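>>> Generate coordinates for the sequence data below:
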Amino acid sequence: MKLKEKIGEAFRMYFILVTLITILLLVLGTLFDGDRTFSYEAFLSPLIYAAIGVIPVFFFNSDREVSVKGLVVQRIIQLLVVEASMLGIAFWSKGIATDRRAVVVGIAVGVALVFALSLIVEYLFELSISRKLNEDLERFQREEL
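As a prediction, this is how the structure comes out:
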């Protein structure tokens, strides 16, 4: 995969992740810390978390085709890297109550859910592109005959 394609995929994934992480933060914040007031700096956290979540795009995608088993292994490693990064940030941050087990479990489950949803959205996006390409190819082949 060329750098331009990787950057395009990273941007697409970034904006998917920002949206899903914002929803996750709303849900977790409402459940575990609903009475807290925050400043405008709180809007920065989804952008930072999404940037961290995009990092695997640059390390795990290759130019060669990968088997389904290889793809599943890649995705599992990506999830573990993202989970470790997010939980590391949570434990490092003074503002997140990681002393409460429910908060840590909520973060871990939320990260896994956001990861899965981002893969589904990415799959649907690529499916629509491939369908359009197939339709264009069929139309081109009909016109050539």
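>>> and the element among helices and strands of the chain having the smallest mean pLDDT, what other elements does it pack with?
Ranking every helix and strand in the chain by mean pLDDT, DSSP states H and E puts helix 44-60 at the bottom, with a mean of 80. The helices and strands touching helix 44-60, judged by 3 or more Cβ pairs under 8 Å, 6 or more residues apart in numbering; DSSP states H and E, are helix 3-33, helix 68-92, helix 101-144. Using the backbone N, CA and C atoms, a C-beta is placed for each residue, glycine as well.
>>> in stretch 30-48, what counts as buried?
45-46 (16 or more other Cβ atoms under 10 Å).
>>> what does the least confident helix or strand of the chain rub up against?
If you take Cβ atoms under 8 Å, 6 or more residues apart in numbering as the criterion, helix 44-60 is touched by 6, 9-10, 13-15, 17-18, 21-22, 25, 74, 77-78, 81-82, 85-86, 89, 114-115, 118.
>>> and among the helices and strands packed on helix 44-60, the most buried is which?
Comparing those by mean neighbour count (mean count of other Cβ atoms under 10 Å), helix 3-33 comes out on top with a mean of 15.
>>> Could you list the low-confidence segments of this protein?
1, 37-41, 60-63 (pLDDT under 70).
>>> related to what we said a few turns ago, distance to Ile48 for the helices and strands packed on helix 44-60 - can I get that in CSV?
Output for the helices and strands packed on helix 44-60, formatted as CSV (distance: least, Cβ to Cβ, whole Å):
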stretch, distance to Ile48
helix 3-33, 9
helix 68-92, 8
helix 101-144, 14
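>>> quick one on the thing from earlier: tell me which residues in the least confident helix or strand of the chain are buried?
Burial within helix 44-60, assessed by neighbour count using 16+ other Cβ under 10 Å, is assigned to 45-46, 49-50, 52-54, 56-57.
>>> is it possible to export these to a markdown table including distance to Ile107?
Formatted as a markdown table, these follow (distance: Cβ to Cβ, whole Å):
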| residue | distance to Ile107 |
| --- | --- |
| Ser45 | 12 |
| Pro46 | 14 |
| Tyr49 | 11 |
| Ala50 | 15 |
| Ile52 | 13 |
| Gly53 | 13 |
| Val54 | 18 |
| Pro56 | 18 |
| Val57 | 22 |
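>>> Many thanks, I have nothing further to ask.
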